[in-house]
Structures are given as C-alpha cells and as structure tokens.
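Participant: I need the structure of the sequence given here:
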Amino acid sequence: MKRTWRWFGPHDTVSIDDMLQAGVEAVVTALHHLPNGAVWTKDEIKLRQEMLNQGSGNQRPNLSWDVVESLPVSEDIKRQTGDWRSHIENYKQSIRNLADCGIFTICYNFMPVLDWTRTNLSHELPNGAKCMRFDLIDFVVFDIHILQREDADKDYPTDVIQAAETRAKTMTAADCTELQNNIICGLPGAEEGYSLADLRQNLDAYSKIDDETLRKHQYEFLREIVPLSEELGVKLCCHPDDPPFPLLGLPRVMSTEADFERLIRTVDSPANGITLCSGSLGVRGDNDLSGMMDRLGHRVHFIHLRNVARESENIVGSFHEAAHLEGATDMVALIASILAEEKRRKAEGRTDCNIPFRPDHGQDILSDLRVNGQPGYPAVGRLKGLAELRGIIAALSHPKVSQ
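Facilitator: Reported below is the predicted structural model:
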C-alpha cells in the first residue's frame, strides 16, 4: 500500500516539508483554480509538479504527483446540456496531458450539484477534539426553512420534519448563515460553491433527471473517455457519493456496492475503476467495506481510509467523522482485504500491486486546534491517522502474521 497525502497546492496550511516528515511517499492533488470543463494544460500540470520539489531544507523533496483528485466532471456533462460535448473533448485532452506528464491515476465523482456535504465543520467531541459532522435535522432545516425547496417535506419522515421545525425556531440569523455556508459554499476539493439563488437554479436544471438518467449519462461519458484511458494506461476511479444517500431531491448513483458492480460491469475495462472511500461508503450500515474489497478489489485503483460514527442505523441519518481506528468500519479487516488483493495482483503479474491510499480527513487535535486549516484536512489529525494505518499494515505484513 503506497502512502499518499492530499495537498491543496501552494495555499495549503500543510507544507511539503510537513508531508515528508509524515512519511508520505507520493502526493494527491488537483488544479482547483481551473474552471470545470477547461483543459488542464501541460504547463499547469508541470508547474504543480515542480512545486512538489520545493522544500525548505537542503535536499529537494522529489515527491511525485501520483493521483489526481479530482479532474472535475462538469454539470453540463452530467446533465448532457450546454457545452457537454466540448467538455468531454477537453476532458480527453486533460487525460492526454496528464499521461504525458507521467500521471496515470485519475479520481473523479459523478455527484450532481453538491459535492461532499457536511452541516458542521467544527463539531466538538467530549475529549476536546473537533471534527466534521452531518446532522440530518440541521440539513432538513436548511432544505425546508432556508433553501425552501419546493416539496422538500415529501422527502423526510414526519418526526424529522417536526424536529427540524423545532430547531429552526431556536436558530439565530448567524446560525442560519453559518449552516448555509457550510453546505453550499464549497468544502475543500469540492468542485463548486453556490449562492442560494445559484443552488435553486442548479436544482431546477436536474428536475427531469432521475437516477437512471444520471447513470445513463455517466456510462456514456465513460464510453467516451475509457478507450483513450486504456490506450494511455490511465486508470479512472470513481469516488462514491458523500454522504451515500439522496440530497435535495437530486439523484445519487454511486452509493452502494451494487452501484459500483454495475459501473464496472457496464463499461468493462481495466481503465474503469473505483476509489474505495471507507468513510463515504461506511455511512451506510448495508455497505460491507471489507467484502467490497474482496469482491471488487480487482478494479480498486485508489483508496481513502477514514472512519465515521453513525448516530443511527437508518440509511439516511446523522454521522460524524471518527478517529481512524474508531467508528463503524473495521479498519483492520479492510486493510487485510487490501493486502490480500495486492498479493493476488502480484501473483498475477500485475504492475499495480502497490495501491495508493491516503489517510482521509481527520479530527482537529493538539496544534490543529490553533490553525485555521482546511476543514477535514488537519496536519496532526491526519498524521495520527496515517501512523495508525501504517501500524496495521506493518503488523499484518509481518512474516509471523502473513504466512
């Protein structure tokens, strides 16, 4: 398992030196400053690669950019509206340019309008650590009382609607503004942020697009780009919905094992693969993460390891980001399945038997609490998670255990 770290570029509060000290072997990053649908030029890609060689010490860091997260799929492509055909051609050119620069793993997602979503970016835990949280009642307050989406009340049970109405009455204008900003202004790595008016307009644009239509558009998008990716040796890996259930009446098509099995079966190519995110998928109690790795691991090209604490066993419910070895996912069992898949690949003679993974998200602890960093991406919280994950990997890989 290859240790990687998500880096948001020159404005990231975590430096290149920090990554080296954390024991990182390669970097996951993206050109977030370029608009969705635009071509990623070789000059822009090389500039980011050059940044990864600029540490403050005497030696050049020589960190490689191994995984793109993410090369955004525009809303036009998802809806098949406007400039979607030219955006696909631009996407192909970006793939060519990345391959020419030696980058062969591309993570993307097919979530419409909203990327990953949380209601609280600084939820305090009993031990004083802080984490991100999705509170279902707060989200319903936003949907029904702030956004005032038409027919939103039809999407929730009566008790949830009543709880949201009660909570809305206690919230100040500042509370409502903070909740609104947390949901729609764009979290780290999210593709776009919105105003309320923009969000309403984008939701209207999806009014006639259901799950099956969005799936059809995704498969048609892949049929356009997968042959080129296979030719170039590029691996595409789709990230699951986060959270893995419908939001704001929008379709969600990458939430379960069945969704991913259908994806790789419908567009059957080694270039068409999966980003296995244990945090996103782990929100649902019906997702068996270790089993998914056992059954679909041959198409897993990139892995996010994090954990969540489900606050109910309902499919649609509240949750918060747990420490990496706490929460709903059995991280030891999952890593054992990953190592078993790598062993199978090595026996088959595959060259991709060292799967890149990164410690995803993390709680704000220690000095993180004094730094205004990227929500969910603290230095010390992720360092702790990476250390714990490395300990599991080292233990399960030891000859006395792995024989």
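Participant: where do the helices of the stretch 301-403 of the chain begin and end?
Facilitator: If DSSP state H, counting those that start in this stretch is used as the criterion, the helices of the stretch 301-403 of the chain fall at 331-348, 379-397, 399-402.
Participant: okay if I get these as TSV plus mean pLDDT, distance to E261 and mean neighbour count?
Facilitator: For glycine as for every other residue, the C-beta is placed from the backbone atoms N, C-alpha and C. Below are the helices of the stretch 301-403 of the chain laid out as TSV (pLDDT from 0 to 100; distance: least, Cβ to Cβ, whole Å; neighbours: other Cβ atoms under 10 Å):
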stretch	mean pLDDT	distance to E261	mean neighbour count
helix 331-348	98	16	17
helix 379-397	97	26	19
helix 399-402	84	28	8
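Participant: how about residues contacting stretch 122-129?
Facilitator: 130-133, 320, 363-365, 369, 375, 381 (Cβ atoms under 8 Å, 6 or more residues apart in numbering).
Participant: please disregard the earlier target; I meant stretch 208-221.
Facilitator: Stretch 208-221 has contacts (Cβ under 8 Å, 6+ apart) with 73, 77-80, 88, 110, 112, 251-253, 262-263, 266-267.
Participant: who wins on neighbours among the residues you listed?
Facilitator: Counting neighbours by other Cβ atoms under 10 Å, I77 leads these with 27 neighbours.
Participant: what backbone torsions are found at it?
Facilitator: I77 adopts backbone torsions of phi -70, psi -40, taken as degrees, to the nearest 10.
Participant: my read is that it contacts H87, right?
Facilitator: Yes: using Cβ atoms under 8 Å, I77 is in contact with H87, at 5.2 Å.
Participant: now do the shared contacts for these two.
Facilitator: When contacts are counted by Cβ under 8 Å, 6+ apart, the set common to I77 and H87 consists of G37.
Participant: where along the stretch 201-350 of the chain do the strands fall?
Facilitator: 235-238, 272-277, 300-305, 307-310, 319-322 (DSSP state E, counting those that start in this stretch).
Participant: what mean pLDDT does the third one have?
Facilitator: Computed over strand 300-305, the mean pLDDT rounds to 98.
Participant: partners of it, with directions?
Facilitator: Here strand 300-305 has these sheet partners by DSSP bridges: strand 272-277 (parallel), strand 356-359 (parallel).
Participant: quick one: distance of that strand to the chain centre.
Facilitator: In terms of Cα atoms, centre = their mean, to the nearest Å, the centre of strand 300-305 is found 10 Å from the chain centre.
Participant: gap between the residue most central in space within the chain and Y108?
Facilitator: Geometric centre of the chain, nearest residue: H239, 5.7 Å, by Cα atoms, centre = their mean. Going from H239 to Y108 by Cβ to Cβ, to the nearest Å gives 7 Å.
Participant: same thing with R149?
Facilitator: For R149, the distance to Y108 - Cβ to Cβ - is 27 Å.
Participant: P35 too?
Facilitator: P35 is 16 Å from Y108, by Cβ to Cβ.
Participant: neighbour count winner among those two?
Facilitator: Y108 (21 against 9).
Participant: for the more buried one, name its beta-bridge partners.
Facilitator: On the basis of DSSP bridges, Y108 is bridged to C238.
Participant: distance to K92 for the helices of the stretch 301-403 of the chain - can I get that in CSV?
Facilitator: Output for the helices of the stretch 301-403 of the chain, formatted as CSV (distance: least, Cβ to Cβ, whole Å):
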stretch, distance to K92
helix 331-348, 28
helix 379-397, 33
helix 399-402, 42
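Participant: so which of those helices is nearest C277?
Facilitator: Nearest of the helices of the stretch 301-403 of the chain to C277, taken as Cβ to Cβ: helix 331-348 at 11.2 Å.
Participant: please save the CA atoms from that closest one in CSV.
Facilitator: What follows is helix 331-348, C-alpha atoms only, in CSV (Å, rounded to 0.1, in the frame of the first residue of the first chain):
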residue,chain,number,x,y,z
MET,A,331,-10.2,-0.9,9.6
VAL,A,332,-8.1,-4.0,10.4
ALA,A,333,-10.4,-6.2,8.4
LEU,A,334,-10.5,-3.7,5.5
ILE,A,335,-6.7,-3.4,5.3
ALA,A,336,-6.3,-7.2,5.5
SER,A,337,-8.6,-7.4,2.4
ILE,A,338,-6.5,-4.7,0.6
LEU,A,339,-3.2,-6.5,1.4
ALA,A,340,-4.8,-9.8,0.1
GLU,A,341,-5.8,-8.0,-3.2
GLU,A,342,-2.2,-6.7,-3.6
LYS,A,343,-0.9,-10.2,-3.1
ARG,A,344,-3.3,-11.5,-5.7
ARG,A,345,-2.2,-8.8,-8.2
LYS,A,346,1.5,-9.7,-7.6
ALA,A,347,0.8,-13.4,-8.2
GLU,A,348,-1.0,-12.4,-11.5
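Participant: what's the angle from it to strand 300-305?
Facilitator: Here helix 331-348 runs at 160 degrees with respect to strand 300-305, directions being taken by axes from the mean of the first three to the mean of the last three Cα atoms, to 10 degrees.
Participant: adjust the sequence numbering to begin at 767 for everything that follows.
Facilitator: Fine by me, first position is 767 from now on; the one you just mentioned is helix 1097-1114.
Participant: thanks a lot, catch you later.
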